[in-house]
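Engineer: With the sequence up front, the predicted model follows.
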Amino acid sequence: MTAVAFLGTRTGGSRQLAGTGTLLRFALRRDRTMLPVWVAVNALMVLSMPGTLKGLYGTAAERADLVRQMETNASLRAMVGPVFDDSLGALTAWRVGVYAAALAAVMSLLIVVRHTRDEEESGRQEVVASGMVGRRAALTAALLTAAVANGVLALLVVAGLAARGVAGAVALGLAIAGVGMLFATMAAIVAQLTESARLARGLTAAVLGGAFVLRAAGDSATTDGSSVLTWLSPLGWLENLRAFAAERWWVLPLIAGAAVVQGAVAYELAGRRDLGMSFLPTRPGPAAGRLRTAGALAWRLQRGSVLGWSVGFLLAGVVYGSMTEGAADLVGDNEQARQIIERMGGQAGLTDAFVSAMVGMLGLIAALYVVASVLRLNGEETSGRAEPVLAGAVGRLRWAAGHLVIAFGGAALIMLLAGLGFALGYGRDAGAILGACLAQLPAMWVIGGAAVLLHGVLPRGAVAAWGVAGAVLLLGWVGPALDVPQAVLDVSPFGHLPKLPAEEMSWAPVLVLTSIAVVLVVAGLVGLRRRDVT
């Protein structure tokens, strides 16, 4: 609607949108697997929370005590935000609202970049544009695809939470979808500015990370979300809507207005550049020196990603470390909450169990880095950039090895930095925390090995590696809270790791998982060597 209204004021607006319907249907068909998974996982996380919270805080007195504890615990407010009411609906919005909006934002930016800059970078958009397709049709179809996904997510949230209060359910559902569309239009702008889909995704994700940091800093300083830093973040806008707690409906137009303005800017930029070009062209790199080897080229391509993940995990470690002292105060005498943390972190003291649980969460998220780094091989191959490299004196194994060293070695680096940050924030037990972080590596490598196998044997289905990582993340994040049977949790490789420092070190599962990762990588490389380059 934003795109149509904007274009309708310009001469030849209908020609600019020619073919939008066809491109929209094609985009929805291409994403027929990815979109339902993203939407279902996000909706399940939100809709499962009221039941979980009811089991944790079953009485009004327990919920009121939780609200009082959050008002005095700045580190935990930085993680999940302030609480505005003690109803189950308000606690659900508090516990998962920001994270659901962040997932919607990631889904939306991936959709928009995939159907705009990715298509131009691969050359497919040039073929499409040679037909009866308007200049802005691809961008419109991408934004409409994101709108469909966010709209379905909003409907599921509203339908699932309506029993807790229709007004609150509508407010939360619209806010989550609104934040998703805000980052969709932001990705649309970045896709016009950059010449690389990878850079477009990275920059938009960096803005999302900055929004999370601003919100966390603001929420740690105030108990009611009134900090200027909170208001500078779109995630803070969702908080200040106060779903299920005397809703501030005037915040919704703020989210919608920002999305409309960004959409208008994206459409204006799209009409002022040539297909395949950008306003910030990529700087040519050196033809000699550091790029004389395939490994150096891989490092040049992925160094920005490694740096971004490293800084993010260092800061995340500091935040989680600073929260550790307040973990016991938050749980208090709540036996259910204690059991959840112990299921995630082991049966030792609550503080050690909390450290183990948070380190495990960092490992789950870091598995996404490994998958993204491994699948860079797939991106280089399908875009045609790998072919000139392999046409020279570079074998397939040498070419792949450069990216895999960065993927698996980079995982060790970011977990090491996370451990250092955690130790700095906590102020003690640095050696034990570093060991706990590095103990996550074998499970992360198994996920990366699965990505290597898919790329080597079934390159067109390599994107399924994201599904594997997402399923593992969902099991690790939601499984303990939902009291999922241990047999199901053990499907994840993370379920077999020793929960350091809450438990004793056990080398057997570490060695077994490392061996599995090696087998998967070797099988993937054998497949890559034997098949044709796509």
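Structural biologist: Okay, I see it.

Engineer: all contacts plus neighbour counts: C-alpha atoms, from now on.
Structural biologist: Fine.

Engineer: all helices of the stretch 151-300 of the chain, in order?
Structural biologist: Using DSSP state H, counting those that start in this stretch, the helices of the stretch 151-300 of the chain run over residues 166-193, 197-221, 228-231, 234-241, 251-270, 294-331.

Engineer: Residue 431 is nearest to which of the ones you listed?
Structural biologist: helix 294-331 (13.7 Å; Cα to Cα).

Engineer: rewinding a little: need the helices of the stretch 151-300 of the chain in TSV (columns: mean pLDDT and mean neighbour count).
Structural biologist: Formatted as TSV, these follow (pLDDT from 0 to 100; neighbours: other Cα atoms under 10 Å):
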stretch	mean pLDDT	mean neighbour count
helix 166-193	95	27
helix 197-221	83	21
helix 228-231	92	20
helix 234-241	94	25
helix 251-270	94	19
helix 294-331	79	19
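
Engineer: other SSEs contacting the one helix or strand residue 377 maps to?
Structural biologist: Assignment of secondary structure by DSSP states H and E places residue 377 within helix 376-382. If contacts are counted by 3 or more Cα pairs under 8 Å, 6 or more residues apart in numbering; DSSP states H and E, helix 376-382 sits against helix 396-426.

Engineer: same thing but 6 Å
Structural biologist: Here helix 376-382 touches no other helix or strand, going by 3 or more Cα pairs under 6 Å, 6 or more residues apart in numbering; DSSP states H and E.

Engineer: ok now it, how far from the chain's centre?
Structural biologist: 20 Å (Cα atoms, centre = their mean, to the nearest Å).

Engineer: next structured bit after it?
Structural biologist: Remark: after helix 376-382, the chain's next helix or strand is helix 386-391, criterion DSSP H and E.

Engineer: any low-confidence regions in this protein?
Structural biologist: 1-14, 75-76, 276, 281-291, 325-350, 478-484 (pLDDT under 70).

Engineer: contacting residues around the helix holding residue 377?
Structural biologist: residue 386 (Cα atoms under 6 Å, 6 or more residues apart in numbering).

Engineer: ok, now stretch 407-420?
Structural biologist: 310, 313, 314, 317, 370, 373, 374, 433, 434, 437.

Engineer: which parts of that stretch are buried?
Structural biologist: Along stretch 407-420, these residues count as buried under the neighbour rule (16 or more other Cα atoms under 10 Å): 407-408, 410-420.

Engineer: do the same with stretch 449-464
Structural biologist: Neighbour-count burial for stretch 449-464, with 16+ other Cα under 10 Å as criterion, is recorded at 449-459, 462-464.

Engineer: Can I get those residues in TSV including secondary structure and distance to residue 15?
Structural biologist: Below are the buried residues of stretch 449-464 laid out as TSV (DSSP: H, G, I helix; E, B strand; the rest coil; distance: Cα to Cα, whole Å):
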residue	secondary structure	distance to residue 15
449	helix	47
450	helix	45
451	helix	42
452	helix	44
453	helix	45
454	helix	41
455	helix	40
456	helix	43
457	helix	43
458	coil	40
459	helix	37
462	coil	37
463	coil	34
464	helix	37
